[in-house]
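A.B. asks: Whatever this is, show me its structure:
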Amino acid sequence: MPDENQMDYGSAVPPHAAEQGERAATHGRKAAEDLGSAAGAMADEYRGQAEGVLDDALHRVRSFQDDINQYVRENPIRSVFTALGVGFVLGVIFRH
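C.D. replies: Predicted coordinates:
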C-alpha cells in the first residue's frame, strides 16, 4: 500500500519538453553538418588558391634558373669570378 504522503507525479520531464529536446538535438546535428560542409568548402577554396600560388612560384623559379643558365653561358669568365667573390665574402662572414 503506497504511503499517503508520497504523491505520484509521473515522469520528471513533461512530454513537450522531451519533444523540444529532440528537436534541439536534431537542429544541433544539422547545424554541425552545415558547419562541416562550409569548412570543407572553404578548405577546398583555399587549397585551390594555394596551388595557384605554388604553380606561379615554381614557374618564376624555373624562369629565373633559365635566365641564370643563359647568363652563365654568355658570360662564363664573369660568372666564375662572381662566384669566387661571393664565396670569399661568405667565407669571411662565416669565419667570424
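A.B. asks: Count the residues that sit near Arg73.
C.D. replies: The local packing of Arg73 (other C-beta atoms under 10 Å) involves 9 other residues. Heads up, the C-betas are built off the backbone N, CA and C, glycines and all.
A.B. asks: Which strand or helix spans it?
C.D. replies: helix 15-74 (DSSP states H and E).
A.B. asks: Give me the residues contacting the helix or strand following that helix.
C.D. replies: Sequence order places helix 76-95 as the next helix or strand after helix 15-74, per DSSP H and E. With contacts defined as C-beta atoms under 8 Å, 6 or more residues apart in numbering, helix 76-95 is touched by Tyr71, Val72.
A.B. asks: Report the angle between the least confident helix or strand in the chain by mean pLDDT and helix 76-95.
C.D. replies: When the helices and strands of the chain are compared on mean pLDDT, DSSP states H and E, helix 15-74 comes out lowest with a mean of 89. Interaxial angle of helix 15-74 relative to helix 76-95 (axes from the mean of the first three to the mean of the last three C-alpha atoms, to 10 degrees): 120 degrees.
A.B. asks: sorry, back to before: for the helix holding Arg73, packing partners?
C.D. replies: For helix 15-74, there is no helix or strand it packs on, judged by 3 or more C-beta pairs under 8 Å, 6 or more residues apart in numbering; DSSP states H and E.
A.B. asks: How far off centre is it?
C.D. replies: With C-alpha atoms, centre = their mean, to the nearest Å as the basis, helix 15-74 stands 6 Å off its chain's centre.
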